[in-house]
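**Q** any chance you can model this:
(2 chains)
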Protein chains: 2
Amino acid sequence: MTVHLRRDLEFLKREILDMGAMVESAVNKAISALVDRREALAQEVLRGDDLIDDKEVAIELDCQKVLALHQPVASDLRFVLAVLKVNNDLERVGDLASHIAERAVSLAAKPALDLPSQFVEIGELTRRMMRECLDALVQTDAELARGVLDQDDGVDRCHRELFEALEARMIADPRVVSRALEVMACSRHLERVADLATNISEEVIYVASGEVVRHGRHG
Amino acid sequence: MTVHLRRDLEFLKREILDMGAMVESAVNKAISALVDRREALAQEVLRGDDLIDDKEVAIELDCQKVLALHQPVASDLRFVLAVLKVNNDLERVGDLASHIAERAVSLAAKPALDLPSQFVEIGELTRRMMRECLDALVQTDAELARGVLDQDDGVDRCHRELFEALEARMIADPRVVSRALEVMACSRHLERVADLATNISEEVIYVASGEVVRHGRHG
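**A** This is a model prediction of the structure:
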């Protein structure tokens, strides 16, 4: 590997980690904004989304430059392609954080709805998955990435339980329908964040080992 | 461009179009299965998803081979990177078709729920966007792709109206809550299919013109 290629790959790594940190912070704030009914925090997430979008475009152009300039092969090529995909996934996570923040604004203006315990649990699980998949990416740690994959079933289970709990409440009391639908939407957004953390982990495993583990083939 | 690179790029184009056709068919079947309560058709979609997943992995490996072997630059590089992204988007559309098919199976086993007119409309709009973004991709037609972007607002509007109509029914009659939630989920899946058709169109515009139109910068 030339010194220039090595330097550019290190730069890409720092950039994607920076993007990861921005997105992780957005998710954490969005969850807190919803749980604690803090509208100002939700607005902060919404204002930050443009920065995340700009960063995605910048990283993609950087990746293209590295490909065109150095024409990397083998594991270097895999790394650059993984950064492209992870970048895209992180931007989607940022969008989901914004969607949750929008709901937090809307819910904060309505009477408080007692959140089912599963909501907090989904929030915790999702935060942990995001944190660990980014750590795995920094360290090219396939074992850590595999650990993230194992956590996805827990999120799905929580999400199902939350749905059932809210559905029962809606049937019992039509006055909660509108708010319960908003909480369901947030739970679904978090479930998608967990899916994207899974995608990112699969990319890490691929970069680390060359093994394709998508589509549940790791199960 | 060497003869070999040209031949390999043509191959990638045929492969991604084939993937597009498989996915488009899955979406069409899933919508029909839900609207016409045809469980066998839904099962067909569910059985076909593995083929779509396999195809995604194969196309991604083909793209990597082209990059490693020919080290394309400029518009050829952009094209290969666009195929990688579109491939990923199409696989997600395939997943969404499966999710709709699962709901179709579940709903077919329950008493029929009168579908709001917006549902059929969202289905029609989404099908059209999928068809046109794939046509735009084949023909590298930026104008056609821009036309797809313009249709996304219509889907969002329909989806919102459908949500409001179903929410009102749920409040008025708790017996429809469970089925209405399933129809809402399908509408949301179709809305995401439309979003992915938008992503694909943005890639086409990028390949055709080098212009980045993501994140609503075309609006």
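**Q** chain B contacts on chain A?
**A** Among all residues of chain A, those adjacent to chain B (criterion: CB under 8 Å from any CB of the partner chain) are A:50, A:53, A:56-57, A:64, A:67-68, A:71, A:73-74, A:77-78, A:81, A:84-85, A:88, A:163, A:167, A:170-172, A:174, A:177-178, A:181, A:184, A:188, A:212, A:214-215. Yep, even glycine has a C-beta here, placed from its N, CA and C like the rest.
**Q** of those, buried ones?
**A** When the residues of chain A next to chain B are checked for burial by 16 or more other CB atoms under 10 Å in any protein chain shown, the buried set is A:53, A:56, A:64, A:67, A:71, A:77-78, A:81, A:84-85, A:88, A:163, A:167, A:170-171, A:177-178, A:181, A:184, A:188, A:214-215.
**Q** these in strands, which ones?
**A** Among these, no member is found in strands (DSSP state E).
**Q** restricted to helices, list those residues.
**A** When those are checked against helices using DSSP state H, the ones located there are A:53, A:56, A:64, A:67, A:77-78, A:81, A:84-85, A:88, A:163, A:167, A:170-171, A:177-178, A:181, A:184, A:188.
**Q** and the host helix or strand of A:Gly123, what's buried?
**A** Per DSSP states H and E: A:Gly123 is located in helix A:117-139. Along helix A:117-139, the positions that meet the burial threshold by neighbour count (16+ other CB under 10 Å) are A:118-119, A:121-123, A:125-137.
**Q** and what of stretch A:140-150?
**A** So stretch A:140-150, judged by 16+ other CB under 10 Å, has buried residues A:140-142, A:144-149.
**Q** what of stretch A:5-16?
**A** Neighbour-count burial for stretch A:5-16, with 16+ other CB under 10 Å as criterion, is recorded at A:5, A:8-9, A:12, A:15-16.
**Q** please flag which of the residues you listed sit within helices.
**A** Of the positions in these, A:5, A:8-9, A:12, A:15-16 sit in helices, assigned by DSSP H.
**Q** where does chain A dip in pLDDT?
**A** A:1, A:215-219 (pLDDT under 70).
**Q** so A:Asp114, which of the three states?
**A** The assignment at A:Asp114 comes out as coil when based on DSSP: H, G, I helix; E, B strand; the rest coil.
**Q** run through the residues that contact the residue nearest to A:Asp135 when sequence neighbours are not counted.
**A** Counting by CB to CB, 6 or more residues apart in numbering or on different chains, A:Leu144 is the residue found nearest to A:Asp135 once chain neighbours are left out, at 6.1 Å. For A:Leu144, the contacting residues are A:132, A:135-136, A:204, taking CB atoms under 8 Å, 6 or more residues apart in numbering or on different chains as the criterion.
**Q** which one of those sits closest to A:Cys158?
**A** Distance to A:Cys158, by CB to CB, is smallest for A:Glu132 among these, at 17.1 Å.
**Q** so the closest one touches A:Gly147, yeah?
**A** Yes - in this structure, A:Glu132 is within contact of A:Gly147 by CB atoms under 8 Å, at 6.5 Å.
**Q** what's in contact with stretch A:180-188?
**A** Residues external to stretch A:180-188 that are found in contact with it (CB under 8 Å, 6+ apart): A:34, A:99-100, A:103-104, A:106-107, A:113, A:115-116, A:118-119, A:122, A:159, A:162-163, A:166-167, A:169-170, B:163, B:167, B:181, B:184, B:188.
**Q** for it, C-alpha coordinates in CSV please.
**A** Taking only C-alpha atoms (Å, rounded to 0.1, in the frame of the first residue of the first chain), the coordinates of stretch A:180-188 have been written out as CSV:
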residue,chain,number,x,y,z
ALA,A,180,-50.5,5.5,20.8
LEU,A,181,-50.1,5.6,17.0
GLU,A,182,-47.3,8.1,17.4
VAL,A,183,-45.5,6.0,20.0
MET,A,184,-45.9,3.0,17.7
ALA,A,185,-44.3,5.0,14.9
CYS,A,186,-41.3,5.8,17.1
SER,A,187,-40.9,2.2,18.2
ARG,A,188,-40.9,1.2,14.5
